[in-house]
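S.K.: My questions are about this predicted structure, shown below with the sequence.
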Amino acid sequence: MKNIFAKMFDRPFARQDTLPSTLEFTLSDGTVLTAEVRISQRARHIQSKIDYRGHATLVLPADCSVPLLRSHLPDIQESFEIVWKKYRTILKRQANSCSLPESIALPAVNETFHIKVTTVQPHDRLQDCKEENVIRRVLVHGAEKHTVLVVESPGQLLLMQSNDNPRLCARALQCWCRIKATCCLPAFLERLATKGGFVINNVSVRDQRGRWGSCSTRGNKGASASVNISLNWRTLLLPVPLLEHLCWHELCHLRHMDHSPAYHEELARFSPHWTQYEKALQNVWRDMPWWALPENGPATPPRR
């Protein structure tokens, strides 16, 4: 904390109330964090964040001024100490458990796939794999001509790798899961939408790195509005009650594009235990297996 004010603010600004774009914090273990300063119209208080890549962000309310930021620097320093310690703990735990799963369960479609990994010689052609009852093949390329072929058959995933590369296998599993999710999740959401009397125009499956799903509308309100819901492919791994709650969460945004009391009242009609499910979604994200994480980095809670 020594000379922290001088380091951060002893440089010219265009105006006296102009906030810096970045701030540096030297932590107790010697780590120097360069935090990106971001202004949020929705934020009500200062937030210190570190994402799965170790990128630090300082979120400030729109009305935050330089004097106010100065006064909160000791608290911000302490907050970054806490989130950095959590980040390092998660990173260490995941680094010690980078093994591929023995099976993958997909509760939404009531399917479980046992995983078998094999390493083939470089002269073998992965694309020519001719397994019986093959449903789908997914070929993923990595660095230095490394490849992994995922061969799906009933109840089994065969991962054929050109060399021992767990992280490339993890990426291949992600690609396979996303394809499965694209086939399954839109129909799952549309069934609930019909049941609840909601009308949606489009459902997409994405690789969202910090949220379970999102809802957006384009155009004027009414019949001409285009309603789009995006779901994270990782929702395919959720227990069915949590997946249903998440779908209701996004569908209810079609009637209330906020998290107001009116929105929560609407959500409670379809998901009476929504408070418990919201907390459960946070916990599931934190405990997600390493192979399913964005870029296989440590988990951070998704934005709601």
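M.R.: All right, it came through fine.
S.K.: only C-alpha atoms for contact and neighbour calcs from this point on.
M.R.: OK.
S.K.: can you list the domain ranges for the protein.
M.R.: 4-95, 111-176, 182-296 (automatic domain parsing).
S.K.: would you list those domains in a markdown table and tack on mean neighbour count, distance to Ala105 and mean pLDDT?
M.R.: Below are the domains of the chain laid out as a markdown table (neighbours: other CA atoms under 10 Å; distance: least, CA to CA, whole Å; pLDDT from 0 to 100):
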| stretch | mean neighbour count | distance to Ala105 | mean pLDDT |
| --- | --- | --- | --- |
| domain 4-95 | 15 | 20 | 80 |
| domain 111-176 | 16 | 4 | 82 |
| domain 182-296 | 17 | 7 | 87 |
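S.K.: Distance check, the nearest residue to Leu231 once chain neighbours are set aside against Ile115.
M.R.: Of all residues not flanking Leu231 in the chain, Gly213 sits nearest, at 4.3 Å (CA to CA, 6 or more residues apart in numbering). Distance, Gly213 to Ile115, using CA to CA, to the nearest Å: 28 Å.
S.K.: that older thread, out of the domains of the chain, nearest to Pro101?
M.R.: Using CA to CA as the measure, domain 111-176 is the one of those that comes nearest Pro101, at 7.1 Å.
S.K.: Packing partners of the strand or helix carrying Leu242?
M.R.: Using DSSP states H and E, Leu242 sits in helix 240-252. On a contact count with 3 or more CA pairs under 8 Å, 6 or more residues apart in numbering; DSSP states H and E, helix 240-252 meets helix 166-196, strand 213-218, helix 261-270, helix 274-286.
S.K.: Output the third one as PDB, restricted to C-alpha atoms.
M.R.: Output in PDB follows, covering the C-alpha atoms of helix 261-270 (Å, rounded to 0.1, in the frame of the first residue of the first chain):
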ATOM      1  CA  PRO A 261     -39.900  -7.300  -8.200                       C
ATOM      2  CA  ALA A 262     -42.400  -7.700 -11.000                       C
ATOM      3  CA  TYR A 263     -40.000  -9.900 -12.900                       C
ATOM      4  CA  HIS A 264     -39.400 -12.100  -9.800                       C
ATOM      5  CA  GLU A 265     -43.100 -12.400  -9.200                       C
ATOM      6  CA  GLU A 266     -43.500 -13.600 -12.800                       C
ATOM      7  CA  LEU A 267     -40.600 -16.000 -12.400                       C
ATOM      8  CA  ALA A 268     -42.100 -17.400  -9.200                       C
ATOM      9  CA  ARG A 269     -45.200 -18.500 -11.100                       C
ATOM     10  CA  PHE A 270     -43.100 -20.900 -13.200                       C
END
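S.K.: got the angle for it vs helix 240-252?
M.R.: Put simply, helix 261-270 runs at 140 degrees to helix 240-252, going by axes from the mean of the first three to the mean of the last three CA atoms, to 10 degrees.
S.K.: one step back: can you tell me which residues contact the residue nearest to Leu231?
M.R.: Shown in contact with Gly213 (CA atoms under 8 Å, 6 or more residues apart in numbering): Ile229, Ser230, Leu231, Asn232, Leu246, Glu250.
S.K.: if we go to 6 Å?
M.R.: By CA atoms under 6 Å, 6 or more residues apart in numbering, the contact set of Gly213 is Ser230, Leu231, Asn232.
S.K.: Settle this for me: the second one is touching Asp207, isn't it.
M.R.: No: distance between Leu231 and Asp207: 8.4 Å, which falls outside the contact criterion (CA atoms under 6 Å).
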